[in-house]
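# Compute the structure for the input listed below.
(chains A, B, C and D)
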2 protein chains.
Amino acid sequence: MANPLVLFLSRRDDLSDDEIAAINALTSNTQDFEAGTSIIRQGERPQSSLLVTEGLAIRSHYLADGKRMISALHVPGDYVDLHSLLLDQIDHDVVALTACRVALTPHGELRRITERLPHLTRLLWLSTVIDAAMHRAWIVALGRMSPLNHMAHFLCEMYSRLEVVGLTEGYTFKLPITQIDLADMLGLSVVHVNRTLQELRATGSISWLGSTVSIKDWDALRALGQFDPAYLNLQKRPR
Amino acid sequence: MANPLVLFLSRRDDLSDDEIAAINALTSNTQDFEAGTSIIRQGERPQSSLLVTEGLAIRSHYLADGKRMISALHVPGDYVDLHSLLLDQIDHDVVALTACRVALTPHGELRRITERLPHLTRLLWLSTVIDAAMHRAWIVALGRMSPLNHMAHFLCEMYSRLEVVGLTEGYTFKLPITQIDLADMLGLSVVHVNRTLQELRATGSISWLGSTVSIKDWDALRALGQFDPAYLNLQKRPR
DNA sequence: CGCTTAGTTGACGTGGATCAAGTACTGTGG
DNA sequence: CCACAGTACTTGATCCACGTCAACTAAGCG
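Prediction:
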């Protein structure tokens, strides 16, 4: 299988052979995590950055009263932890939602990339900037969208991101997440997530059986979620 | 007055003389915007990046039904638009909340920095990564905090960020924003913002008169907002 | 076959939105 | 100097979307 980071980046700009070789070298050392285990804990100062190559991972934040919020869901090809190269310490947990395979890149190697390969540096930078753009989209949805619209937006985003790394078949994809996790991503109660999902299914725009999501009416779902994929930067351009 | 970007970055790492000179060159070309005017509009492809040197700017997103959400508030020293170097197009408006002075850096010059000054490149990258960390803090507050706690968190963040660029006096600072704007940052109605502010003032931890905010009990406010400044990366470290 | 976890449903309560009507402040023009 | 218009702030009354609580069903799984 192709390196998912190569898929992620080459969707946004052309990669030279040197750059592809460098990416493969960065992501050669992998490690597996079982579903539910922490990959990084809040407050750590990791010496390596992590790329998800298989499985789903989340960023979890815990409040004093035990409430949890999930600020991001990461799919294969996402350099979940690239920013730890620059940050003091990580302000949240990264948890394997499903069984995950993760590639570890020592920070020293990344720093060397910034010294030798400016274009690849900019592309790695781009990947963190897309992360921020996704955060903003979530902020807007959390602050001003109804649960139904938010859910639709979320599914549109997931479809678009999974499509990039070849994890969709038509409009169908695997999304093995519980309604509990979904609640903590949308800032809702589990009960309300359940009802919202029923409402969304009732519109006929999606089906969600087990862990399989099918978008049956993309245009309707897109309209409902007011989804504009521009923020995912899916165009190939010199960067 | 010192270049606010120098203040912002030198709080996080040491800058060489070369780097300071480069920063000053990057931010020498300024432009003024009146309060309420758009600095960048959604969908544009700017050829320069923007640094706020004076005033406050926001990122605004508009939904189909006219609702507005503000995903970030930017203070002097913030490279609001640095990511436009890498992005296809900007997914939101940037609006001057107060009269703003802004420095414009042509993308070509920034690209040259990535080719010549890897350490400064990493620090600029850092500034976008801190942006993302602030977004995550907002996501958590939007999703799982009560309005009162959220407001407290917001004020703690503003205090901490303004302190970095020398815009506080003791625990007092200027925050010339309306409750309307505040509502769109916290995802609340104006009426509820008003009541929440009254409640917060009643705790005795802050006063807010006109555009002047005073934190009267930092520990109380911090506890209320569960504020941990770690995500702002205020430590000086080699990066 | 019992145990655990996820999903579902109904009843009920409440936090925050909405609506409507004020008041206070600022700037503008006569 | 006052009249006014416009904007922000404030307050009270009402409503409903969503949370909470409590029970049940369904689906693994040892």
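# can you map out the strands along chain A?
Along chain A, the segments classed as strands by DSSP state E run A:30-33, A:38-40, A:48-54, A:57-62, A:68-74, A:93-96, A:100-106, A:168-169, A:172-174, A:206-209, A:212-215.
# Specify the beta-bridge partners of the residue nearest the centre of chain A.
Note on chain A: the residue nearest the mean C-alpha position is A:His74, at 2.7 Å, using CA atoms, centre = their mean. Under DSSP bridges, the beta-bridge partners of A:His74 are A:Ala57.
# Just give the closest residue to A:Trp218, not the sequence neighbours.
Among residues not flanking A:Trp218 along the chain, A:Tyr171 sits closest, at 6.2 Å (CB to CB, 6 or more residues apart in numbering or on different chains). Bear in mind the C-beta positions are built from the backbone N, C-alpha and C, glycine included.
# what about that neighbour, neighbour count?
15 (other CB atoms under 10 Å in any protein chain shown).
# cool, and A:Gln89?
By other CB under 10 Å, 14 other residues sit near A:Gln89.
# On the pLDDT front, check it for me.
Model confidence at A:Gln89, expressed as pLDDT, equals 91.
# Might one say that it is in contact with B:Tyr231?
No: proximity of A:Gln89 to B:Tyr231 does not meet the contact threshold set by CB atoms under 8 Å, at 9.1 Å.
# hmm, whichever helix in chain A runs longest in reach of chain B?
Taking DSSP state H as the criterion, chain A has its longest helix at helix A:118-144. Yes: with CB under 8 Å from any CB of the partner chain as the criterion, chain B is reached by helix A:118-144 at A:118, A:121-122, A:125-126, A:128-129, A:131-133, A:135-140, A:142-144.
# And these, which of them are buried?
Buried residues within those, counting neighbours by 16 or more other CB atoms under 10 Å in any protein chain shown: A:118, A:121-122, A:125-126, A:128-129, A:131-133, A:135-140, A:142-144.
# circling back to that earlier point, give me every residue that touches the residue nearest to A:Trp218.
Counting by CB atoms under 8 Å, 6 or more residues apart in numbering or on different chains, A:Tyr171 touches A:Tyr159, A:Ser214, A:Ile215, A:Lys216, A:Trp218.
# Between the residues you listed, which sits nearest B:Thr105?
A:Tyr159 (36.0 Å; CB to CB).
# roughly how far apart are that closest one and chain B?
Counting by CB to the nearest CB, to the nearest Å, the separation of A:Tyr159 from chain B is 18 Å.
# now do A:Leu148
In terms of CB to the nearest CB, A:Leu148 sits 13 Å off from chain B.
# ok, now A:Leu9?
Relative to chain B, and taking CB to the nearest CB, A:Leu9 is found at 12 Å.
# isn't that residue right next to A:Leu123, touching?
Yes: counting by CB under 8 Å, A:Leu9 touches A:Leu123, with 5.0 Å between them.
# Find residues that contact each of these two.
Common neighbours of A:Leu9 and A:Leu123 (CB under 8 Å, 6+ apart) are A:Leu15.
# Number of residues surrounding the residue in chain A that DNA strand D sits nearest to?
Using CB to the nearest atom of the strand, A:His192 is the residue of chain A that sits closest to DNA strand D, at 2.9 Å. By the criterion of other CB under 10 Å, A:His192 has 13 neighbours.
# Tell me the spacing between it and chain B.
On the measure of CB to the nearest CB, A:His192 and chain B end up 13 Å apart.
# likewise A:Trp218?
A:Trp218 sits 18 Å away from chain B, taking CB to the nearest CB as the criterion.
# ditto for A:Ser211
A:Ser211 is 23 Å from chain B, by CB to the nearest CB.
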